[in-house]
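Engineer: Need the 3D shape of this:
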Amino acid sequence: MADVAAPSLGSTKVNRRLTFVRWVRKTHGWFGLWGALLGLMMGTSGVWLNHRAQLKLDLPAQHIANSQLALPGAAPTTPDEMATWLEETLKLGKPINMRVERARPVPWAEKGAAEKGSGEKPLMQPARWMFNFGGPNHLVMVEYWSGNKSVSIRTMDNGFFATLTNLHKGVGMPIPWILLIDTLAGSLIFLSLSGVILWWETNRKRRLGIAIFAASVVGTVGLALWPIWN
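Structural biologist: Predicted coordinates:
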């Protein structure tokens, strides 16, 4: 019986390369499928946001109302107490976001005191508490300045495109949504890298590809730094 020839070192390398390319291609497809819907949503809203300032595009069907709400006699003294009182009063559920800014010197007073070199205590800006209720289609933003007898309420009822842009920016969305968008960002990073690998391994016109890639890098960096240079 004839002996079976052992595979050569060259063929082993080729087989490993083909296995690697097939794995990258399959994984590239699965990652693309995972982010297809999110990518479509982010792309559509991203185009709108990208041209909104230059073309002065207003978000349609967006209704904004401002109002004031008086605090009770025994006003809340902590952000958590304020959140609980707002939850019971507004009947909107728990706030999806809460931010606290501590009291600090006002910028102009601090700058003026530094220029004069005086040891006077600068004028202080009171603490500010901000709470968001609702979601991307209906958002209620509450602002409270420490010492005030009322809170400011800004209500926004959004249409389709306004809701889409809020989803894009994460406005009115909980932590799980933000983490989901992080997975999309990770998928885009992998798709970019795997796309370059697939092109490099399956395309012989590498000089042309390198030239196109270099031109895109120069153009991207140049446009990003243009506002800084001018």
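
Engineer: Helices along this protein, start to end?
Structural biologist: For the chain, applying DSSP state H gives helices covering 9-34, 36-55, 79-90, 107-116, 160-169, 175-202, 206-229.

Engineer: For I96, find the nearest of these.
Structural biologist: When these are compared by C-beta to C-beta, helix 175-202 sits nearest I96, at 9.1 Å. (Glycine included, C-beta is placed from N, CA and C.)

Engineer: buried residues in that closest one?
Structural biologist: For helix 175-202, the neighbour count (16 or more other C-beta atoms under 10 Å) marks I181, L184, S187, L188, F190, L191, S194 as buried.

Engineer: try stretch 123-140
Structural biologist: By neighbour count on 16+ other C-beta under 10 Å, the buried set for stretch 123-140 is 125, 128-137, 139-140.

Engineer: what's the answer for stretch 142-150, then?
Structural biologist: Across stretch 142-150, burial judged by 16+ other C-beta under 10 Å covers V142, Y144.

Engineer: What's the end-to-end length of that stretch?
Structural biologist: The first and final residues of stretch 142-150 sit 10 Å from each other (C-alpha to C-alpha, to the nearest Å).

Engineer: do the same with stretch 122-137
Structural biologist: Span of stretch 122-137 from end to end, C-alpha to C-alpha: 42 Å.

Engineer: next one: that stretch to chain centre, how far?
Structural biologist: Stretch 122-137 sits 20 Å away from the centroid of its parent chain (C-alpha atoms, centre = their mean, to the nearest Å).

Engineer: State the pLDDT value of the residue nearest the centre of the chain.
Structural biologist: For the chain, the residue nearest the mean C-alpha position is K169 (4.8 Å; C-alpha atoms, centre = their mean). In this model, K169 is scored at 82, pLDDT.

Engineer: likewise K111?
Structural biologist: The model reports K111 with a pLDDT of 56.

Engineer: try R104
Structural biologist: Looking at R104, its pLDDT is 82.

Engineer: Okay, and the beta partners of it?
Structural biologist: Q125 (DSSP bridges).

Engineer: Do I have it right that it meets Q125?
Structural biologist: Yes. Between R104 and Q125 there is a contact under C-beta atoms under 8 Å: 5.6 Å.

Engineer: For the closest residue to L38 other than its chain neighbours, give me its contacts.
Structural biologist: Counting by C-beta to C-beta, 6 or more residues apart in numbering, L38 lies nearest to L184, which is 4.6 Å off, once chain neighbours are set aside. Applying C-beta atoms under 8 Å, 6 or more residues apart in numbering, we find L184 in contact with G35, L38, G39, M42.

Engineer: try it again with 10 Å
Structural biologist: By C-beta atoms under 10 Å, 6 or more residues apart in numbering, L184 lies in contact with F31, W34, G35, L37, L38, G39, M41, M42.

Engineer: Look up the pLDDT of the fourth one for me, please.
Structural biologist: By that I understand L37. 85.

Engineer: per the record, what domains does the chain have?
Structural biologist: Domain segmentation of the chain under automatic domain parsing yields 21-59+170-197, 63-157.

Engineer: Could you dump these into a markdown table with distance to G209 added?
Structural biologist: Below are the domains of the chain laid out as a markdown table (distance: least, C-beta to C-beta, whole Å):
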| stretch | distance to G209 |
| --- | --- |
| domain 21-59+170-197 | 9 |
| domain 63-157 | 40 |
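
Engineer: and P227, which of those is closest to it?
Structural biologist: Across those, P227 has its closest neighbour in domain 21-59+170-197 (13.2 Å, C-beta to C-beta).
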